[in-house]
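>>> sharing a sequence plus its predicted fold:
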Amino acid sequence: MVTFYGYAKCSTCRKAKAYLQQRGVALKEIDITTHPPSKAILRSIVASGAYRVTDLFNRSGEMYRELGMKDQMERLGESALLDLLATHGKLVKRPIITDGTRVTIGFDEARLKNVWK
């Protein structure tokens, strides 16, 4: 089963979800705004080498701007950044799609096609 951390009002999430469903990928949906991925899950994504911790942030989001994250990214260490992401789902770039081994973030059709064949 593939876990899909998304947000119903997010157009990127809707596109990714439709793409996966058209290909028969069964999804367990989790609202990322109320149940963000745990710090352990986020840490494993970074450890996979596919993404850096900064790639996990929703840079176009309102909360990112409100918290002044652009200025804090360099100051805060990885652990503190992961804590913020695990606590504030609206800071997390979405969707996060994972089966525990493979992971994609956002909607990049080429990457989705490669990972979720």
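All right, it came through fine.
>>> could I get the full set of strands for this structure?
Applying DSSP state E to the chain gives strands spanning 2-6, 27-31, 96-98, 103-105.
>>> tell me the most buried of the ones you listed?
Neighbour counts (mean count of other C-beta atoms under 10 Å) averaged over each of the strands of the chain peak at strand 96-98, with a mean of 24. C-beta: built from backbone N, CA, C; applies to glycine.
>>> and the helix ranked longest in the chain, what's buried?
Longest helix in the chain by number of residues (criterion: DSSP state H): helix 11-22. The neighbour-count check on helix 11-22 (16 or more other C-beta atoms under 10 Å) flags 12-13, 16-17, 19-20 as buried.
>>> closest to residue 54 among these?
Closest approach to residue 54 among the buried residues of helix 11-22 (C-beta to C-beta): residue 12, at 18.0 Å.
>>> mind listing what that closest one touches?
Residues near residue 12 by C-beta atoms under 8 Å, 6 or more residues apart in numbering: 94-95, 106-107.
>>> what would these look like in a markdown table with distance to residue 26 and neighbour count?
As requested, the contacts of residue 12 are exported to a markdown table (distance: C-beta to C-beta, whole Å; neighbours: other C-beta atoms under 10 Å):
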| residue | distance to residue 26 | neighbour count |
| --- | --- | --- |
| 94 | 19 | 24 |
| 95 | 15 | 27 |
| 106 | 21 | 18 |
| 107 | 19 | 20 |
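>>> show me which pair in those residues is furthest apart.
Most distant of the contacts of residue 12, by C-beta to C-beta, are 94 and 107, 9.2 Å apart.
>>> quick check: neighbours shared by these two?
Contacts common to residue 94 and residue 107, judged by C-beta under 8 Å, 6+ apart, are 12-13.
>>> alright, that wraps it up for me.
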